[in-house]
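**Q** Sharing a model prediction with you, sequence too.
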Amino acid sequence: MRFASLARLLITTIAVTALTAACGGGSDNAQTSSNSGLEKTDLNLGMLPLPEVAPVQIAISKGYFKEEGLNVKYTLIQGGGQALNSLQSGGFDILHSNHISAFTAAANKVADLRIVAEADTAAPGNFAIVATPQSKITKPEDLKGKKIGVNTQKNVATLTISAQLKAKGLDPLRDVTFVEMQFPNMWQAIKSGQLDAGFLPEPFLTAASTDGAVTVLDVIGGPTDNFPVAGYYVMSDFLKKNPKTVAAFQRGLLKAQKLAATDRKEVEKALPAYAKIDAKTASLMEVPNFPISMNDQRLQRVADLMLEFGYLKSPFDAKTLTQGVPEVQG
């Protein structure tokens, strides 16, 4: 089947892309003639090859960072503790991370982090639980007693699913079993019966859907409506030493975020450059919302939901992550 081949090709390509290191943009010499006051002009950014970072590629391609005197290069990462270690050691100046991982590290005092920009908030269709037509799992209530694949325990997938299941009257701790499975392997594991259902983000969701996957539950809506997913983080010490550089990064990114928020075609053009998502898939998939400002109340929703489901042992004030961060207006 043509769509099945497309899905397999997409999943294989993205898996390879996620392992690629040292991708980036710009020349080696930053253009600093109009921004000589910057403390640092070359920035290393670690980011996951996901739709939410399309504005980074846009800012590089259109020269928004260079207009600010910055030479921004990115490295594609797989996530997890290794990327945080690279941020702490100075291998990365800025790290794109989901908020749950960052909040956990900050709350446990593993890392003194600051968020300098929000990457995205989830829109309906960005994340969903899918199953095969043969499974007869068609609604959330059918998930009771089932094995659901997630990429990582106690992170975005399990938190958003838990919130949705609770809203449907199910107990996420007792009524379902979460099983870790990498996104590139998730749909095949569902088709083979290894899993009853699985959580998939874009672009894996579109790939699976074209291969026959049935959406059982869109996990964005209600308690997770417009849910903050990820942001760009720096170490507190880096911010203190480089406030003008951070502000310049914010300005360049904000310009790209605004364009991404208002022109989907620009997002579609950016995706193949770093995520190796083909043009057809880019045109079909649901893209997230791109915030053009940071919002403490919005971020606090993440911390409150983490506390509710036991991801945090005590309340966490999200404002601690924005202390001292420049307020850049576009």
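**A** On my side now, so go ahead. Predicted model only: the values in this text are computed from it and were never measured.
**Q** Can you tell me how far residue 190 is from residue 285?
**A** 19 Å (C-beta to C-beta, to the nearest Å). (Glycine included, C-beta is placed from N, CA and C.)
**Q** again, but for residue 91
**A** Taking C-beta to C-beta, one finds residue 91 at 31 Å from residue 285.
**Q** between these two, who's got more neighbours?
**A** Neighbour comparison, residue 91 and residue 285: the larger count goes to residue 285, with 22 against 14 (by other C-beta atoms under 10 Å).
**Q** Against which helices or strands is the one helix or strand residue 160 maps to packed?
**A** For residue 160, the element it lies in under DSSP states H and E is helix 156-167. In terms of contacts (3 or more C-beta pairs under 8 Å, 6 or more residues apart in numbering; DSSP states H and E), helix 156-167 is packed against strand 127-131, strand 147-150, strand 177-180, helix 296-308.
**Q** Of those, give the one that comes closest to residue 219.
**A** Nearest to residue 219, of all the helices and strands packed on helix 156-167, is strand 127-131, at 4.9 Å by C-beta to C-beta.
**Q** now for that closest one, which elements pack on it?
**A** Looks like strand 127-131 contacts helix 156-167, helix 183-191, strand 197-201, helix 204-210, strand 214-218 (3+ C-beta pairs under 8 Å, 6+ apart).
**Q** Now do the last one: distance to the chain's middle.
**A** Computed by C-alpha atoms, centre = their mean, to the nearest Å, the separation of strand 214-218 from the middle of its chain amounts to 20 Å.
**Q** List the pairing partners of that strand within its sheet, with orientation.
**A** The sheet places strand 214-218 alongside strand 127-131 (antiparallel), with pairing taken from DSSP bridges.
**Q** then the partner strand to PDB, C-alphas only?
**A** The C-alpha coordinates for strand 127-131 follow below in PDB (Å, rounded to 0.1, in the frame of the first residue of the first chain):
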ATOM      1  CA  PHE A 127      -1.000  14.100  20.100                       C
ATOM      2  CA  ALA A 128      -3.400  11.200  20.200                       C
ATOM      3  CA  ILE A 129      -3.800   7.600  21.400                       C
ATOM      4  CA  VAL A 130      -4.300   5.300  18.400                       C
ATOM      5  CA  ALA A 131      -5.200   1.600  17.800                       C
END
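**Q** Surely residue 278 touches residue 268?
**A** No: with contacts counted by C-beta atoms under 8 Å, residue 278 stays clear of residue 268, the gap being 10.5 Å.
**Q** The two: who's more crowded?
**A** residue 268 (19 against 15).
**Q** for that one, phi and psi?
**A** phi -60, psi -40 (degrees, to the nearest 10).
**Q** thinking again about what came up before, is it possible to export the helices and strands packed on strand 127-131 to JSON lines including distance to residue 249, mean neighbour count and mean pLDDT?
**A** Listed next are the helices and strands packed on strand 127-131 as JSON lines, based on distance: least, C-beta to C-beta, whole Å; neighbours: other C-beta atoms under 10 Å; pLDDT from 0 to 100:
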{"stretch": "helix 156-167", "distance to residue 249": "24", "mean neighbour count": "22", "mean pLDDT": "97"}
{"stretch": "helix 183-191", "distance to residue 249": "28", "mean neighbour count": "21", "mean pLDDT": "97"}
{"stretch": "strand 197-201", "distance to residue 249": "25", "mean neighbour count": "26", "mean pLDDT": "98"}
{"stretch": "helix 204-210", "distance to residue 249": "29", "mean neighbour count": "24", "mean pLDDT": "95"}
{"stretch": "strand 214-218", "distance to residue 249": "33", "mean neighbour count": "20", "mean pLDDT": "97"}
